[in-house]
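A.B. asks: below are the sequence and a predicted model for it; my questions follow.
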Amino acid sequence: MAKDTFEKKLERLKVVVEKLERGDLPLEEGVALYKEGLELVKGCGSQLENARNEVRIVSEGLIREFDALSALGDDAEEA
């Protein structure tokens, strides 16, 4: 499941949660689903953190570029 998309993991997690919430599973199956759910949460969290970091890197880079361009514009106006 490592190569599944975030959306696929989230959909599977919803199914797992629904099954666990019903409360009608045999103990072994419930424990197995619980473990699967924890792995799905971990995977989704990791993907979200990676996406957040990518957005932060891109945003900070663009802000720096914009600031640099603004500074160039200010220098050109002073000349």
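C.D. replies: Looks like it arrived, so ask away. Numbering: from 1, shown residues only.

A.B. asks: pull the CA atoms of stretch 55-71 into CSV?
C.D. replies: Extracted in CSV, the C-alpha atoms of stretch 55-71 (Å, rounded to 0.1, in the frame of the first residue of the first chain):
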residue,chain,number,x,y,z
VAL,A,55,4.5,24.0,-0.4
ARG,A,56,6.6,25.8,2.3
ILE,A,57,9.8,25.4,0.2
VAL,A,58,8.1,26.7,-3.0
SER,A,59,6.3,29.5,-1.2
GLU,A,60,9.4,30.7,0.6
GLY,A,61,11.4,30.6,-2.6
LEU,A,62,8.8,32.6,-4.5
ILE,A,63,8.6,35.1,-1.7
ARG,A,64,12.4,35.6,-1.7
GLU,A,65,12.3,36.0,-5.5
PHE,A,66,9.5,38.5,-5.2
ASP,A,67,11.4,40.4,-2.5
ALA,A,68,14.5,40.4,-4.7
LEU,A,69,12.6,41.7,-7.7
SER,A,70,11.0,44.4,-5.5
ALA,A,71,14.4,45.5,-4.3
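
A.B. asks: rounded mean pLDDT for stretch 66-79, please.
C.D. replies: For stretch 66-79, mean pLDDT rounds to 65.

A.B. asks: could you do stretch 16-33 as well?
C.D. replies: pLDDT averaged over stretch 16-33 gives 97.

A.B. asks: convert the C-alpha atoms of it to CSV, please.
C.D. replies: Extracted in CSV, the C-alpha atoms of stretch 16-33 (Å, rounded to 0.1, in the frame of the first residue of the first chain):
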residue,chain,number,x,y,z
VAL,A,16,-11.7,0.4,8.0
VAL,A,17,-13.2,2.9,10.4
GLU,A,18,-16.8,2.1,9.3
LYS,A,19,-16.2,-1.6,9.8
LEU,A,20,-14.6,-1.0,13.2
GLU,A,21,-17.4,1.3,14.3
ARG,A,22,-20.0,-1.4,13.6
GLY,A,23,-18.5,-3.5,16.3
ASP,A,24,-19.7,-6.8,14.9
LEU,A,25,-16.3,-8.1,13.9
PRO,A,26,-14.5,-11.1,15.4
LEU,A,27,-11.7,-10.0,17.7
GLU,A,28,-8.9,-11.1,15.4
GLU,A,29,-10.4,-9.3,12.4
GLY,A,30,-11.0,-6.2,14.4
VAL,A,31,-7.4,-6.2,15.6
ALA,A,32,-6.1,-6.7,12.1
LEU,A,33,-8.2,-3.8,10.8
